[in-house]
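1. sequence first, then the predicted structure, then my questions.
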Amino acid sequence: GGVAHEAPSWFKESFLDIQDDVDEATEEGRHVMLFFQLNACPYCDRMLKESFEAEPMKTLIQDSYDVIAINVKGDREITFDEDTSLIEKDLSEKLDVRATPAILFLDKDNNAVVRVNGYRSPKRFKHILNYVSDKAYENSTLAEYLDKNLEKDVYKLRENKLFTELTDLSAVKGPLAVIFEDSTCYDCDEFHDKLLARDDVQTEMKLFTTVRLDAASEDEITDPEGNKTTPKAWAKKMEMTYRPGMLVFDEGKLLRRVDSLLFSHHFKEGMRYIGGGYYKTQPYSEYSEKRTEELLAAGVDINLGE
């Protein structure tokens, strides 16, 4: 399921001195956007097609941004600032890029004002673009901006047999998955229809107590640490700006965040890694390598893009 892709031809041909790029962009009233990508990344391919190559998003980006592509496994030298000069893969490691695409928006002082980890639908990404180009980051957080500007009532919360009605999350002793949805969720129907409806995903989710919260709700709940709060306040505290977002716990400890759309293989294996307790003995990279070999040996076709 890996998808070969190339950065659009209109991305900036940078000499990879980012401060110089920022200075040039600022003089023209623009921002620099760093697009961290991985070869054959299906999420990068989908986002490039939907938001960077298709109208009206393409023009919206071209009008306000200088976009620079960075390969998270690449070897080109990048001067990020006066104190940091690294090759692409080392810079990606330094910036803790774990999901691709990862997108950094830089202000006139070469500081990151927004970071997007993973795929965003065009309708949601559009508001992030406007947040930066309008310099709304100078007086509001992204979460506040999205809450004010996202179209409401594009989604009606759906029930699911996997969900448990629970308000005291501190009472859960084993694996716990907390899903945040709300009426602004453009990707929630896909989440239900293409992920939660799958038998292999349901098998892994059965290891969890799964609680779905309305991120707009102000009803009282107790978080896993025993604090009284509300879904809205907790989502804000945890900086959950993507819907459907998910926090995954075991024994009360936060182990994983889902901040973007995931396809089925990555989603179910991430859940299996925690639900099966594998995280206690091995890093995810080691688990993933062994699991991939196991599935292929069993004749399973691993499609990363579905």
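-> Yep, it's here. As the structure is a prediction and not an experimental result, all values here were calculated from the model.
2. how much space between residue 162 and residue 216?
-> Per C-beta to C-beta, to the nearest Å, residue 162 is found 21 Å from residue 216. (C-beta placed from N, C-alpha, C; glycine too.)
3. low-confidence ranges in the stretch 151-300 of the chain?
-> The stretch 151-300 of the chain contains no residues with pLDDT under 70.
4. can you pull out the strands in it?
-> Using DSSP state E, counting those that start in this stretch, the strands of the stretch 151-300 of the chain run over 176-181, 209-214, 221-222, 228-229, 245-250, 253-258.
5. got JSON lines for the ones you listed, with distance to residue 296 and mean neighbour count too?
-> Output for the strands of the stretch 151-300 of the chain, formatted as JSON lines (distance: least, C-beta to C-beta, whole Å; neighbours: other C-beta atoms under 10 Å):
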{"stretch": "strand 176-181", "distance to residue 296": "27", "mean neighbour count": "25"}
{"stretch": "strand 209-214", "distance to residue 296": "29", "mean neighbour count": "21"}
{"stretch": "strand 221-222", "distance to residue 296": "42", "mean neighbour count": "18"}
{"stretch": "strand 228-229", "distance to residue 296": "44", "mean neighbour count": "14"}
{"stretch": "strand 245-250", "distance to residue 296": "26", "mean neighbour count": "22"}
{"stretch": "strand 253-258", "distance to residue 296": "24", "mean neighbour count": "16"}
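6. rebuild these as a markdown table, extending it with distance to residue 136.
-> A markdown table is the format used below for the strands of the stretch 151-300 of the chain (distance: least, C-beta to C-beta, whole Å):
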| stretch | distance to residue 136 |
| --- | --- |
| strand 176-181 | 22 |
| strand 209-214 | 25 |
| strand 221-222 | 30 |
| strand 228-229 | 26 |
| strand 245-250 | 21 |
| strand 253-258 | 24 |
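7. which among those is found nearest to residue 81?
-> Closest to residue 81 of the strands of the stretch 151-300 of the chain is strand 253-258 (C-beta to C-beta; 27.0 Å).
8. which other helices and strands contact the closest one?
-> Under the contact criterion of 3 or more C-beta pairs under 8 Å, 6 or more residues apart in numbering; DSSP states H and E, strand 253-258 touches strand 245-250, helix 264-275.
9. nearest to residue 286, out of the ones you listed?
-> Comparing these by C-beta to C-beta, helix 264-275 comes nearest, at 10.3 Å.
10. okay if I get the helices and strands packed on strand 253-258 as CSV plus distance to residue 128?
-> Shown next, in CSV, are the helices and strands packed on strand 253-258 (distance: least, C-beta to C-beta, whole Å):
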stretch, distance to residue 128
strand 245-250, 15
helix 264-275, 22
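11. on that earlier part again, so which of the strands of the stretch 151-300 of the chain comes closest to residue 75?
-> It's strand 253-258; of the strands of the stretch 151-300 of the chain, that one is closest to residue 75 (C-beta to C-beta) at 29.5 Å.
12. please enumerate residues in contact with the closest one?
-> Strand 253-258 is contacted from outside by 224, 238, 244, 245, 246, 247, 248, 249, 267, 270, 274, 279, using C-beta atoms under 8 Å, 6 or more residues apart in numbering.
13. distance to residue 110 added to those, as a markdown table?
-> Formatted as a markdown table, the contacts of strand 253-258 follow (distance: C-beta to C-beta, whole Å):
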| residue | distance to residue 110 |
| --- | --- |
| 224 | 37 |
| 238 | 28 |
| 244 | 33 |
| 245 | 29 |
| 246 | 32 |
| 247 | 31 |
| 248 | 34 |
| 249 | 36 |
| 267 | 35 |
| 270 | 33 |
| 274 | 37 |
| 279 | 36 |
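14. between these, which is nearest residue 140?
-> residue 238 (18.1 Å).
15. residue 260 versus the nearest residue to the closest one once chain neighbours are set aside, what's the distance?
-> With sequence-adjacent residues excluded and distances taken as C-beta to C-beta, 6 or more residues apart in numbering, residue 238 is closest to residue 247, at 6.5 Å. With distances taken as C-beta to C-beta, residue 247 is found 14 Å from residue 260.
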